[in-house]
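In: How does the following fold in three dimensions:
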Amino acid sequence: MSGPLLDRIDLHLEVPRVPVSLLQEPPRAETSEEIRRRVEAARAIQCERYRHRPGAPFNSAMSGEELRRYASLDREGRKLLQLAFETLGLSARAYNRIVKVARTIADLAGAEQIEAAHVAEAIRYRALDRGVVG
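Out: Presented below is the predicted three-dimensional model:
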């Protein structure tokens with residue numbers, strides 16, 4: 001896939017094969033109900049944040065001005081994103097998409113500010129930018 005096309009895809013994930021031994025263990029992750037509650041809470045946060053534009057009440061529709069207003073990164077998050085930008089050769093579009101995904105991750109965590117951990121997770125979702133998936 002070409003770089004400009006990849007830039008338009010927010011989440012790139014490699015899904016490795018799961019060993020049978022892990023499939024036989026009892027689940028240790030959140031239940032679907034717990035995840036549903038977190039997603040609904042994050043959606044409510046976004047609907048409130050973007051109440052001025054009810055037709056698109058989600059982080060994915062943030063404009064440049066809204067990115068600056070609602071998606072400020074903490075100092076460590078800024079440093080991490082700068083390093084990723086320089087190391088991976090990300091485009092401006094990829095940079096903005098990572099920030100939007102990090103804002104969503106922060107919303108799912110109930111965090112007001114985007115922290116380095118949220119940025120790191122968002123960067124990990126750009127596997128195709130790193131040539132991980134082929």
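In: separation between the residue most central in space within the chain and Lys79?
Out: When C-alpha atoms, centre = their mean is applied to the chain, the residue found nearest the centroid is Val101 (2.5 Å). The span separating Val101 from Lys79 equals 18 Å under the rule C-beta to C-beta, to the nearest Å. No exception for glycine: its C-beta is placed from N, CA and C like everyone else's.
In: By mean pLDDT, flag the weakest helix or strand of this structure.
Out: helix 3-7 (a mean of 66; mean pLDDT, DSSP states H and E).
In: For this structure, which segments count as helices?
Out: Taking DSSP state H as the criterion, the chain carries its helices at 3-7, 20-23, 32-49, 64-70, 75-88, 92-109, 116-124.
In: Any idea which of these has the lowest pLDDT on average?
Out: Lowest mean pLDDT within the helices of the chain: helix 3-7, a mean of 66.
In: before we move on, the earlier item: including distance to Glu14, could the helices of the chain go into a markdown table?
Out: Output for these, formatted as a markdown table (distance: least, C-beta to C-beta, whole Å):
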| stretch | distance to Glu14 |
| --- | --- |
| helix 3-7 | 14 |
| helix 20-23 | 16 |
| helix 32-49 | 21 |
| helix 64-70 | 27 |
| helix 75-88 | 15 |
| helix 92-109 | 16 |
| helix 116-124 | 10 |
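In: Go through the ones you listed and name the closest to Pro57.
Out: Of all the helices of the chain, the one in closest proximity to Pro57, counting by C-beta to C-beta, is helix 32-49 (4.4 Å).
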